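> Structure, please.
(chains A and B)
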Amino acid sequence: KAGVTQTPRYLIKTRGQQVTLSCSPISGHRSVSWYQQTPGQGLQFLFEYFSETQRNKGNFPGRFSGRQFSNSRSEMNVSTLELGDSALYLCASRESVASGQETQYFGPGTRLLVL
Amino acid sequence: AQTVTQSQPEMSVQEAETVTLSCTYDTSESNYYLFWYKQPPSRQMILVIRQEAYKQQNATENRFSVNFQKAAKSFSLKISDSQLGDTAMYFCAFMKDQGAQKLVFGQGTRLTINP
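Presented below is the predicted three-dimensional model:
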């Protein structure tokens, strides 16, 4: 099976703009989670989607949002970009949210630079 | 809230040596999952090994094994016969079995294997 794919891989934006990142999970996986990785804060959970519904949300401002489509592909959006949003954004998928399906597989990430 | 601590920011060993990475965690949950992920310079997060808290037997995957001490809340990773390709950041991660399931990561250990 193909792994998790993320597009684009690299992105440069300026403050105040918005950005949309895309994630396609492993075929058959219905849960998608997003994480932000920065040198200062490390890896932090943004949100998880399952069956087109947001299941969990991390401690991020409302500028960070996401959605999931019927084919399990997910997008995350960041509005009114700030310099501090510069990070590697990682997407991870798992088969479901049932017990025993906890292992998440990660994509290569999207590196976002905000100038 | 759960926390994960990796007390070794950096480690360096010679090729073919054995190395152990430390991880401790704090939780009031009785059942949960623990993971080790590696992140090479490509930034792709790769699952190394997983452990279910209700299983007393330590997980092993080829040259990788863990020492899981539930009472001490300790979860160390041992890499035997280390190889140059093991050079990477290693993250210890925790996930609850129920409720808001998300990966909680430690700060990582940068492991360098020297020829």
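> Could you find the residue nearest the spatial middle of chain A?
residue A:34 (3.0 Å; Cα atoms, centre = their mean).
> what's the neighbour count on the closest residue to it other than its chain neighbours?
Computed as Cβ to Cβ, 6 or more residues apart in numbering or on different chains, the closest residue to residue A:34 that is not its neighbour in sequence is residue A:46, at 4.1 Å. All C-beta spots, glycine's among them, are computed from the backbone N, C-alpha and C. As a burial measure, residue A:46 scores 22 neighbours (other Cβ atoms under 10 Å in any protein chain shown).
> partners of the helix or strand of chain A with the lowest mean pLDDT in the sheet?
Within chain A, no helix or strand scores below strand A:53-57, which has a mean of 92 by mean pLDDT, DSSP states H and E. Counting by DSSP bridges, the strands paired with strand A:53-57 are strand A:42-50 (antiparallel).
> What residues of the strand it pairs with count as buried?
By 16 or more other Cβ atoms under 10 Å in any protein chain shown, the buried positions in strand A:42-50 come out as A:43, A:44, A:45, A:46, A:47, A:48, A:49, A:50.
> same question, stretch B:48-58
Buried residues in stretch B:48-58 (16+ other Cβ under 10 Å): B:48, B:49, B:50, B:51, B:52, B:53.
> Same check on stretch B:79-88?
Within stretch B:79-88, the residues scored as buried using 16+ other Cβ under 10 Å are B:79, B:82, B:86, B:87, B:88.
> before we move on, the earlier item: show me what the strand or helix carrying the residue nearest to the centre of chain A packs onto, helices and strands only.
Assigned by DSSP states H and E, residue A:34 falls within strand A:31-38. For strand A:31-38, the contact count by 3 or more Cβ pairs under 8 Å, 6 or more residues apart in numbering or on different chains; DSSP states H and E identifies strand A:42-50, strand A:74-78, strand A:87-94 as packing neighbours.
> and it, which strands flank it?
When DSSP bridges is applied, strand A:31-38 pairs with strand A:42-50 (antiparallel), strand A:87-94 (antiparallel).
> mind putting these in a markdown table, mean pLDDT and distance to residue B:12 included?
Output for these, formatted as a markdown table (pLDDT from 0 to 100; distance: least, Cβ to Cβ, whole Å):
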| stretch | mean pLDDT | distance to residue B:12 |
| --- | --- | --- |
| strand A:42-50 | 96 | 21 |
| strand A:87-94 | 97 | 24 |
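> Around chain A, pick out the residues from chain B.
B:33, B:35, B:37, B:42-47, B:50, B:91, B:95, B:97-98, B:100-108 (Cβ under 8 Å from any Cβ of the partner chain).
> Among the residues you listed, which are located in strands?
B:33, B:35, B:37, B:46, B:47, B:50, B:91, B:95, B:104, B:105 (DSSP state E).
> Which of these are buried? Put it as a ChimeraX command.
Buried subset of these, written as a ChimeraX selection, criterion 16+ other Cβ under 10 Å:
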select /B:33,35,37,47,50,91,95,104,105
